[in-house]
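Q: Sequence and predicted model, in that order:
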Amino acid sequence: MTGKVDHLWEQATPLSEAWLKYAHSWSVEGKKDRENYRAFENPGLAIRRGWPLPQGYERYFIEGDYEFLERKRQQWERNFKDDLREQLGRGDCLAYGKPWLPERLERIEPVPGLLFSHDEEKVSKIDFQSGFVEAYGRAFVELRVLSKTEFERLTVKPGDKRRGPISRKPEIEAAIRELIAEDPDWLNGTFNVRHAQIIRKAKKLFDYIDGNPPKGFSRTVIDEVIEEKF
């Protein structure tokens with residue numbers, strides 16, 4: 001299990017780069033938004049190379065108003081980072097990193113989406129440059145990010161359905177970590193209650209999980225994950 005998570009982390013994009021790579025990736029306009037940001041980031045180069053200029057801002061590039069363009073770049077950067085935070089919070093992107101609080105560990109673990117929440121009661125502390133997140137008494141460092149599509153490509157191999165029962169251990173572990181982050185005493189509940197909660201949380205995090213009950217969520221598999229990881 002640890003090897004699988006390590007492999008996902010190795011293939012993932014550092015948080016310092018992920019905010020631009022995945023910004024607005026859910027929208028048709030996402031690619032155009034990232035192209036526009038590139039122009040704000042390098043206005044002189046955009047003019048010299050004839051890059052398409054962001055609509056409505058052409059005159060600022062032509063006149064060389066770099067102070068204005070830098071303010072717009074910062075605004076777009078904040079927007080992109082907020083978008084990635086929201087994607088991580090709702091499970092459209094997945095983060096992996098090393099636990100820092102409440103205990104510092106050297107192993108890689110899935111980072112609960114709850115830590116990226118942003119509301120009036122709790123605001124996560126996120127450092128995109130260093131790859132750090134802290135909330136609810138938990139913190140992770142060396143964060144890297146995968147999209148759901150990348151996660152599926154790395155975990156679902158051709159012919160899996162023909163090789164026997166499906167195992168959803170990584171998804172179960174991610175769901176359990178979120179549930180424990182929400183309720184530190186969660187493991188003390190009855191299995192039937194925990195089983196239903198794991199399935200609901202996993203379906204929320206991974207939209208490719210379907211069925212009622214979904215395959216790969218047997219009591220044996222869940223018990224193995226809890227024994228191995230918790």
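A: Received, thanks. Numbering: from 1, shown residues only.

Q: for the record, mean pLDDT for the helix of greatest length in the chain?
A: Scanning the chain for the helix with the most residues, using DSSP state H, yields helix 66-90. For helix 66-90, the mean per-residue pLDDT is 90.

Q: Counting neighbours, which bits of it end up buried?
A: 69, 72-73, 76-77, 80-81, 83-85, 87-89 (16 or more other Cβ atoms under 10 Å). (Each C-beta comes from the backbone N, C-alpha and C, glycine too.)

Q: Residues touching that helix, excluding its own?
A: 18-20, 22-26, 33, 36-37, 40-41, 43-44, 57, 60-61, 93-95, 111, 113-114, 116-118, 124, 126, 128, 145, 204 (Cβ atoms under 8 Å, 6 or more residues apart in numbering).

Q: filter the residues you listed to the buried ones?
A: Looks like these have 18-20, 22-25, 33, 36-37, 40, 43, 57, 60-61, 93-95, 111, 113-114, 116-117, 124, 126, 128, 145 buried, using 16+ other Cβ under 10 Å.

Q: Let's verify Leu115: helix, strand, or coil?
A: Here Leu115 is helix, with the state taken from DSSP: H, G, I helix; E, B strand; the rest coil.

Q: let me redo that: Glu103
A: Assignment for Glu103 (three-state DSSP): coil.

Q: and the gap between it and Val225?
A: 19 Å (Cβ to Cβ, to the nearest Å).

Q: In the chain, where is pLDDT below threshold?
A: In the predicted model, the chain carries pLDDT under 70 at residues 1-3, 25-31, 118-123, 156-167, 207.

Q: which residues in it form strands?
A: Secondary structure of the chain (DSSP state E): strands at 13-14, 93-101, 109-111, 125-127, 132-135, 138-147.

Q: Format those strands as CSV; extra columns: distance to Phe217.
A: Output for the strands of the chain, formatted as CSV (distance: least, Cβ to Cβ, whole Å):
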stretch, distance to Phe217
strand 13-14, 29
strand 93-101, 18
strand 109-111, 17
strand 125-127, 31
strand 132-135, 27
strand 138-147, 21
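
Q: which of the ones you listed sits most buried?
A: strand 109-111 (a mean of 23; mean count of other Cβ atoms under 10 Å).

Q: who does that strand touch, helix- and strand-wise?
A: strand 93-101, strand 138-147, helix 169-182 (3 or more Cβ pairs under 8 Å, 6 or more residues apart in numbering; DSSP states H and E).

Q: Reformat those as TSV; add distance to Ile199.
A: Formatted as TSV, the helices and strands packed on strand 109-111 follow (distance: least, Cβ to Cβ, whole Å):
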stretch	distance to Ile199
strand 93-101	18
strand 138-147	22
helix 169-182	8
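
Q: mind checking which of these is nearest Phe191?
A: With Cβ to Cβ as the criterion, Phe191 lies closest to helix 169-182 of the helices and strands packed on strand 109-111, at 12.5 Å.

Q: other SSEs contacting the closest one?
A: Going by 3+ Cβ pairs under 8 Å, 6+ apart, helix 169-182 lies up against helix 2-11, strand 109-111, helix 191-205, helix 219-229.

Q: hmm, 10 Å instead?
A: helix 2-11, strand 93-101, strand 109-111, strand 138-147, helix 148-155, helix 191-205, helix 219-229 (3 or more Cβ pairs under 10 Å, 6 or more residues apart in numbering; DSSP states H and E).

Q: Counting by contacts, list what the longest one packs against.
A: It stands for helix 191-205. Helix 191-205 packs on helix 169-182, helix 219-229, going by 3+ Cβ pairs under 10 Å, 6+ apart.

Q: Ok, the last one next?
A: Using 3+ Cβ pairs under 10 Å, 6+ apart as the contact criterion, the secondary-structure elements in contact with helix 219-229 are helix 2-11, helix 169-182, helix 191-205.
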